[in-house]
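J.: Give me coordinates for this.
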Amino acid sequence: MNVEILSIGTEILLGDIVNTNAAFLSRRLAAMGMNLYRQSVVGDNLGRVAAAISESFSRADMIITTGGLGPTEDDLTKEAVAEYFGLKMILDEKSADALRSFFEKLGRPMTENNMRQAYFPEGAIIVKNDRGTAPACIVEKDGKVIIVLPGPPREMSYVFENEIEPYLSKYTDSVIKSLTLKMFGIGESKMEDSVKDLISGYSNPTIAPYAKTGECELRISAKASSEEEALELIKPVESEIRHRLGEYIYGINSDNLASVLIEKLKEKKITFASAESCTGGMISSMITSVAGSSDVFAGGITAYSNDVKTGILSVNPATIEKYGSVSEECAAEMCAGCAQLFSVDASFAVTGIAGPGGGSAEKPVGTVCFGFYYKGDIKTYKMHFGGDREMVRIRSAMFVLDALRRGAEKPC
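T.: A predicted model of the protein is given here:
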């Protein structure tokens, strides 16, 4: 069965929000072995949505839409579906009762336009939405299927995983399973060159390289009659890639540098803290985005000014006077002061020139110094990162996380 995704919303069309729904659906449909050939975006206009549905159905057997199920006048997806199939819009009393109950529990009056969410094309299969007020629906007619999902990503993903995936299982007899190897410290071109014979030599599984901000990925995808069979096809390819690039591989699939680091530090029961200057708390944010990081991460200081470096982190003013705030000497004292301040086993410090101004011939923009403390021992590094201000900060943050990960029992 050929499938297309139709994302509905002027805010997506104009770039005001990123279309994460399409990315989510693409991954899930591919994993189910569905033939996904095209994605489209259309604004909130009844005629244009109906025309987009007609165009998609000229190529596909199934359309999955997201968005346009709210209570306002521009939420017109169901109406467009009804128009395409020549169906009436019918009030579903069960959905109407659920809406009334929802507003009663909130203690808020329900405005008349909210009832739009309880109308559906005649004969539609109504799909519950436990994360919001707008139910989804499925219309099957004349050999075509359209699945109408809510737009908010939290609602859409929940409804798809819990209600739509079981429904779709009858349309496929194969699965596509993927494994993504995540790497840091190697460029995309070098990574691809290291495995180019594997990329060209396999058709099932396939190997696809990807570059992301500051890191690279290789995705191995296999198609088989079962998940277990697909995983067996992936294993030898994964093993060979690890043999060639293992020193750069830090995790798989949804792993990130911070989550892998936190797990290692938890295993070794090492507590740590941060002192950040040019990264301005970015690394602490990455760390605390990991659930359970509070087990090992005590806290952090954003030491942007020299007064904070000297007054809170106990950096000697003479050190800054002699070597400058962007120096390995300053980074060493920052991480030592941080460890003492938070009473932790380990700490790190980062201080640098992110730009666009502030550089010199001796210390150009992109110069960043790092300090790593572990139970009295201190190591320092000086790096030079390219890119704009944001890229310097991101690369600095990822350098810290990877350095800690590589030697978590004695960071760096």
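
J.: where's the closest residue to residue 333 other than its chain neighbours relative to residue 397, distance?
T.: Spatial nearest neighbour of residue 333, chain neighbours left out: residue 315 (4.4 Å); criterion: Cβ to Cβ, 6 or more residues apart in numbering. The C-beta positions use only the backbone N, C-alpha and C, and glycine is treated the same way. With distances taken as Cβ to Cβ, to the nearest Å, residue 315 is found 21 Å from residue 397.

J.: quick revisit: what pLDDT does the residue nearest to residue 333 get?
T.: Here, the pLDDT recorded for residue 315 equals 98.

J.: I'd like the numbering to begin with 39 instead of 1 from here.
T.: With the count now opening at 39, the last piece we talked about shows up as residue 353.

J.: shouldn't it be in contact with residue 347?
T.: Yes: taking contacts as Cβ atoms under 8 Å, residue 353 lies within contact range of residue 347: 4.3 Å.

J.: How about residue 67: what's its closest non-neighbour residue?
T.: Of all residues not flanking residue 67 in the chain, residue 74 sits nearest, at 4.9 Å (Cβ to Cβ, 6+ apart).

J.: All the strands of the stretch 39-188 of the chain, in order from the start?
T.: Here the stretch 39-188 of the chain has its strands, by DSSP state E, counting those that start in this stretch, at 40-46, 73-80, 100-104, 127-129, 157-159, 163-165, 174-179, 182-187.

J.: show me the contacts for residue 358.
T.: Contact analysis of residue 358 by Cβ atoms under 8 Å, 6 or more residues apart in numbering lists 344, 347-348, 368.

J.: Determine which two of those residues are furthest apart.
T.: Using Cβ to Cβ, the pair of the contacts of residue 358 lying farthest apart is 348 and 368, separated by 9.9 Å.

J.: Tell me how many other residues crowd residue 89.
T.: Neighbours of residue 89 under the rule other Cβ atoms under 10 Å: 15.

J.: What of residue 290?
T.: Neighbours of residue 290 using other Cβ under 10 Å come to 14.

J.: now it: how far from residue 132?
T.: 43 Å.

J.: same question, residue 207
T.: Taking Cβ to Cβ, one finds residue 207 at 25 Å from residue 132.

J.: export stretch 256-271 as PDB, just CAs?
T.: Written as PDB, here are the backbone C-alpha positions of stretch 256-271 (Å, rounded to 0.1, in the frame of the first residue of the first chain):
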ATOM      1  CA  LEU A 256      25.200   5.700  10.400                       C
ATOM      2  CA  ARG A 257      21.700   4.100  10.100                       C
ATOM      3  CA  ILE A 258      21.500   0.400   9.200                       C
ATOM      4  CA  SER A 259      18.000  -0.600   8.000                       C
ATOM      5  CA  ALA A 260      16.800  -4.100   7.200                       C
ATOM      6  CA  LYS A 261      13.500  -5.300   5.700                       C
ATOM      7  CA  ALA A 262      12.200  -8.800   6.700                       C
ATOM      8  CA  SER A 263       9.100 -10.700   7.600                       C
ATOM      9  CA  SER A 264       9.600 -10.200  11.300                       C
ATOM     10  CA  GLU A 265      11.500  -7.800  13.700                       C
ATOM     11  CA  GLU A 266      13.700 -10.700  14.800                       C
ATOM     12  CA  GLU A 267      14.700 -11.600  11.300                       C
ATOM     13  CA  ALA A 268      15.500  -7.900  10.500                       C
ATOM     14  CA  LEU A 269      17.700  -7.600  13.600                       C
ATOM     15  CA  GLU A 270      19.600 -10.700  12.500                       C
ATOM     16  CA  LEU A 271      20.300  -9.100   9.200                       C
END
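
J.: buried residues in that stretch?
T.: 256-262, 268-269, 271 (16 or more other Cβ atoms under 10 Å).

J.: Which ones among the residues you listed map onto strands?
T.: 256-262 (DSSP state E).

J.: Closest to residue 430 out of those?
T.: Using Cβ to Cβ, those come closest to residue 430 at residue 256, 26.3 Å.

J.: wait, isn't the closest one in contact with residue 233?
T.: Yes: Residue 256 is within contact range of residue 233, at 6.8 Å (criterion: Cβ under 8 Å).

J.: what do those two both touch?
T.: Counting by Cβ under 8 Å, 6+ apart, the contacts common to residue 256 and residue 233 are 245, 247, 279, 283.

J.: Next, format these as TSV and append distance to residue 423 and secondary structure.
T.: Shown next, in TSV, are these (distance: Cβ to Cβ, whole Å; DSSP: H, G, I helix; E, B strand; the rest coil):
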residue	distance to residue 423	secondary structure
245	29	strand
247	22	strand
279	27	helix
283	22	helix
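
J.: Check the gap between the residue nearest to residue 67 and residue 370 for me.
T.: From residue 74 across to residue 370, the span is 53 Å (Cβ to Cβ).

J.: repeat for residue 59
T.: Where residue 370 is concerned, residue 59 sits at a distance of 47 Å (Cβ to Cβ).
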